[in-house]
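> Sequence first, predicted coordinates after that:
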Amino acid sequence: MRGIVKHFPGVLANDHVDFEAAVGEVHALLGENGAGKSTLSNILTGLYRPDSGEILLDGEHVQFSSPRDALDVGIFMVHQHFRLVETFTVAENVVLGDHRGEGRTFRLRTRAIERRVAELSKRFGLAVDPRAPVWHLSLGEQQRVEILKALYREARILILDEPTAVLTPQEAEVLFTTLREMAADGRTVIFISHKLHEVKAVADRVTVLRGGRSIARVDAADATLRSLAALMVGREIESGRAARDRVAGEPVLELANVWADGDRGDAAIRGASLIVRRGEIVAVAGVAGNGQRELAEAVAGMRPATRGTIRIAGKTVRGGDPRSAIAAGVAYVPEDRLGTGVAPSLSIASNLALKGYRDRHASHGPLLRLRRMRERAAELIAHYRIAGAAPSSAARLLSGGNLQKVVLAREFSGKPRVLVAASPTRGLDVGAIETVHAYLREAAADGVGVLLISEDLDEILMLADRIVVMYEGAIAGETTRDDADVEEIGLLMAGGRDPRAD
Amino acid sequence: MRIERRLRQPRWLLVAVPAGSLVFAFFASGLVLLATGHDALRSYRQIFDAAFLNSGALGQTLTQATPLAFTGLAAAAAFRMRLFNIGAEGQLFMGAVTADAAGLYLGGHGWPHALVIAAMVVAGCAGGAAWALIPGVLRAFFKTNEIITSLMLNYVAAYVMTYLIFNTESYWRQTTGFNASVFPTSKTLPNAAWWPAANIFPLGGGIAILAAVLIWFLYTRTRFGFEAQVLGDSPRAARYAGIRTRRKILAVMAISGAVAGVGGASQVGDFSHQLDADPNGLQKQYYGYTGIVVAALARYNPLAVVVVAFLIGALQNAGNTLQGADFPSGLVGVMQGIILFSALGGELLVRYRVRVGRALPAPEAA
């Protein structure tokens, strides 16, 4: 792939990316969230068409106008979220959508397919029963089915998008062996990840993407965890950091050895402890999926803590009860604005009153004060400069930035003690990002304890007084803004300090 | 040709589309009439007369419309919160059973007329609400699908009612008199439990209008209604806002069931004056299911439910009285079907627009 460029509205996702992988190698594509890894692989699999640049396969120019074209030349992708029909068996899933051989005949020759699947799974160490229905299988086994699909179709290039995210360390080891065998068999494996030790463990060569550009291509054998982290994060710390003008006061949020389950029932937070004081911004850095979202939800009462205590302004709050968290003074800007932060079909006035409707501004006993709600909405719309919003129009008609302003306006107007902001600037344009940052600083200056969860290190370095790094549900390290060492943070984020990596 | 979602729904569409649907329905039914060799205009004229103008027609229409208003309100109250209570049918039966018991007992013990009626209303509420709380509790605490459970309980309620009329030990069964020895029937209420009517307007009709106003007020002007709106639109946002989801589900199911239950009380007090004259009479009316149609046509607006119930009641009444040699017997059914079909089809035009032309490539998601 040479000089690949891909624009999205407002974002340059791939900026003249060069990428090459050889036959018989495992090639890792390393980069932070938003570095352009997914865009690049979507171009390679024919899902997106590049704005410019060319793709060469065995030295020949190829152009994909649909994913099927890419499949036809043997490029197959295993997505993070599997493309499987749960009620079908493994063999049925493998043959599904295949338009050659057995897949083409009207009657499914189940036996023949099952035999071939069993053969492949034996050869590559992908233990799975071809007759088992997919919903019976663990996530690790389902991933094997995806890989079997690729092998069945005689894929020459196999792309895996963060394949270890759903695996236990032991399953990951098995996967790595399989990937190496496939490479030895003369195929090309492209391994997308942001976990350094995995990249080091499985890859022959590594291409590092950062900010949509290809930064370096190195041999895995020559690279160290530290050098990879530097390449991946690799930014200069701006000299012009905001001057420290806030004085932190007494603790308003204290987490002591908090454990909580994730959506799949496994422990997503494993013994996290941290303190946020009045008037300071504490940022939680980490790669997505290391328990930050669950941490935010636990503090906001959306997710019960299975162990440990959460205290707001010195008082222990009942876990898993959003109403008592709100009453204790926790404001929460959720990551999922449209799904959680607002009721999309209701009016902006209703959404601005979503949490305050119980107090006297919005209601009088059991009755709503509709006029007061509308007036207050108009005030907030003017004060927070929410564009394109009438109090009566539906929230879902707003743009992302203005929707976020609705959420912020509501959360700030509740006079919180603690503000939890989860990826508050994700998907916003530059102007809106600055506005959100200004509001967060303002909140801290007003004496609110701010817990900022972000995957964007620039944002964290700009805003935070203290930085904690989360890795696999625990606090991997903590540093103050003044001592922040980007390389160190990058290493912590990627589990470089994880004992397993050594 | 493509169908796209409308970003904004102009207000005039909300009036124009239902009106257009109605015109379309009359036109399409007219075609059916012409194809079967009838004079369309004359048939429409007959329907109008039979529904409103003939002697006793309006009273019959109100008799049909009253239970539909109750079951329509029951459906609207629950559906507004996306709680799909399909069980108004069974809740109406149970309301009839409890209200009939209250009327028989208190009316027979010489309570004053007004108090007996009040007690029947309360008993109807309680019976319907209790029956609705079964799927409500299952939904709130065990996340079962209330559509299935409430629907299945309709059959249970129907058999319970039949049993209460047939069982010789039953409090509700008539055991004396010549007719009762020929075929099982239910006891007739004492006069003190007969609901009065203002001229031809049944008391139940008045209660339905009052209930419609109360439900409208509850949903648009109170904290309770606000919480229900949020929960109906986005359960995640409701949890985020600290709304107690389980309590809300129980409360809304109870309200929905109570309204259907008063419908049952009204059946007994206003019209039949016994649990059911024919063991299967009430069960053949399908008021609960038609109520869902009424609520859908009214867009779950309680005030509109009353109006729609009146119109559907009129159409059904006309259909019942006109069936005969002179009038196509299937016509009213065909018309109801076409009205419903075009009204729900028209709904598509409110929310989506149809664009004719070549499709542009869809913008890729970032």
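Structure's in. What do you need? Computed from a predicted model, the values in this text were never measured in an experiment. Numbering: from 1, shown residues only, chains lettered A, B, ... in the order given.

> Get me the contact residues on the stretch 201-350 of chain B for chain A.
The stretch 201-350 of chain B comes close to chain A at residues B:221-227, B:229-230, B:233-234, B:236-244, as judged by C-beta under 8 Å from any C-beta of the partner chain. Any C-beta I mention is one placed from the backbone N, CA and C, and that applies to glycine too.

> could you redo the last one with a cut-off of 10 Å?
Counting by C-beta under 10 Å from any C-beta of the partner chain, the positions of the stretch 201-350 of chain B adjacent to chain A are B:217-218, B:220-227, B:229-244.

> Which element, helix or strand, includes residue A:28?
Secondary structure assignment for residue A:28, by DSSP states H and E: strand A:26-30.

> Centre of the chain to whichever helix or strand comes after that strand, how far?
The element immediately downstream of strand A:26-30 (helix or strand, assigned by DSSP H and E) is helix A:37-44. Distance, stretch centre to chain centre, for helix A:37-44: 16 Å (C-alpha atoms, centre = their mean, to the nearest Å).

> likewise stretch A:131-144?
On the basis of C-alpha atoms, centre = their mean, stretch A:131-144 sits 24 Å off its chain's mean C-alpha point.

> Enumerate the positions of it that are buried.
Using 16 or more other C-beta atoms under 10 Å in any protein chain shown as the test for burial, stretch A:131-144 gives A:134, A:137, A:140, A:141, A:142, A:143, A:144.

> Give me the residues contacting stretch B:149-158.
Stretch B:149-158 is touched from outside by B:78, B:83-97, B:127-128, B:131-132, B:134-139, B:142, B:145, B:160, B:253, B:256-257, B:264, B:280, B:282-283, B:286, B:288-289, with contacts defined as C-beta atoms under 10 Å, 6 or more residues apart in numbering or on different chains.

> got the residue ranges for the strands in the stretch 1-150 of chain A?
A:2-8, A:11-17, A:26-30, A:52-57, A:60-62, A:75-78 (DSSP state E, counting those that start in this stretch).

> so what's residue A:223 up against?
Shown in contact with residue A:223 (C-beta under 10 Å, 6+ apart): A:28, A:30, A:196, A:199, A:200, A:203, A:205, A:206, A:208, A:216, A:229, A:231.

> who wins for neighbours among the residues you listed?
Using other C-beta atoms under 10 Å in any protein chain shown as the neighbour criterion, residue A:30 leads the contacts of residue A:223 with 31 neighbours.

> what bridges to the closest residue to that residue other than its chain neighbours?
Closest residue in space to residue A:30, ignoring its immediate chain neighbours: residue A:208 at 4.9 Å, by C-beta to C-beta, 6 or more residues apart in numbering or on different chains. In this structure, residue A:208 bridges to residue A:30, residue A:216 when assessed by DSSP bridges.

> so residue A:208 makes contact with residue A:31?
Yes - taking C-beta atoms under 10 Å as the definition, residue A:208 is a contact partner of residue A:31 at 6.3 Å.

> overlap in contacts of the two?
Common neighbours of residue A:208 and residue A:31 (C-beta under 10 Å, 6+ apart) are A:214, A:215, A:231, A:232.

> how much space between the third one and residue A:200?
Using C-beta to C-beta, to the nearest Å, residue A:231 is found at 13 Å from residue A:200.

> now swap in the second one and tell me
Relative to residue A:200, residue A:215 is positioned 17 Å away (C-beta to C-beta).

> And stretch B:229-236, what's buried?
B:229, B:230, B:231, B:232, B:233, B:234, B:235.

> want to throw those into TSV with pLDDT, secondary structure and distance to residue A:263?
Converted to TSV, the buried residues of stretch B:229-236 look like this (pLDDT from 0 to 100; DSSP: H, G, I helix; E, B strand; the rest coil; distance: C-beta to C-beta, whole Å):
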residue	pLDDT	secondary structure	distance to residue A:263
B:229	94	helix	27
B:230	95	helix	22
B:231	95	helix	21
B:232	93	helix	24
B:233	93	helix	22
B:234	93	coil	18
B:235	93	helix	15
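
> ok, the residues you listed vs residue A:47, which is closest?
For the buried residues of stretch B:229-236, the residue nearest residue A:47 by C-beta to C-beta is residue B:234; the value is 29.9 Å.

> Please give me every residue in contact with that closest one.
Residue B:234 neighbours (C-beta under 10 Å, 6+ apart): A:338-346, A:354, A:395, B:82, B:240-241.

> Can you flag which of those residues belong to strands?
Using DSSP state E, no member of the contacts of residue B:234 sits in strands.

> okay, these in a markdown table with pLDDT, distance to residue B:105 and neighbour count next?
Converted to a markdown table, the contacts of residue B:234 look like this (pLDDT from 0 to 100; distance: C-beta to C-beta, whole Å; neighbours: other C-beta atoms under 10 Å in any protein chain shown):
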| residue | pLDDT | distance to residue B:105 | neighbour count |
| --- | --- | --- | --- |
| A:338 | 85 | 55 | 17 |
| A:339 | 86 | 53 | 13 |
| A:340 | 91 | 52 | 24 |
| A:341 | 92 | 54 | 28 |
| A:342 | 93 | 52 | 30 |
| A:343 | 93 | 47 | 26 |
| A:344 | 91 | 51 | 18 |
| A:345 | 90 | 48 | 14 |
| A:346 | 92 | 47 | 21 |
| A:354 | 92 | 48 | 26 |
| A:395 | 89 | 53 | 28 |
| B:82 | 92 | 39 | 13 |
| B:240 | 94 | 49 | 26 |
| B:241 | 93 | 46 | 27 |
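
> hmm, which two among those residues are most spread apart?
Greatest spatial distance among those (C-beta to C-beta): A:341 and B:82, at 19.5 Å.

> residues near residue B:110, how many?
9.

> That one looks like it's in a strand, true?
No - Residue B:110 is assigned coil when assessed by DSSP: H, G, I helix; E, B strand; the rest coil, not a strand.

> Would you check that residue B:139 makes contact with residue B:250?
Yes - using C-beta under 10 Å, residue B:139 is in contact with residue B:250, at 8.8 Å.

> of those two, who's got more company?
Between residue B:139 and residue B:250, counting by other C-beta under 10 Å, residue B:139 is the more crowded of the two (22 against 19).

> Show me where the chain dips below the pLDDT cut-off.
Looking at chain A here, since you left the chain open. A:9-11, A:33-34, A:99-106, A:234-248, A:429-430, A:496-502 (pLDDT under 70).

> looking at chain B here, not the other one
Scanning chain B for pLDDT under 70 picks out B:1-2, B:7-9, B:279, B:325, B:357-366.

> I appreciate the help and will end here.
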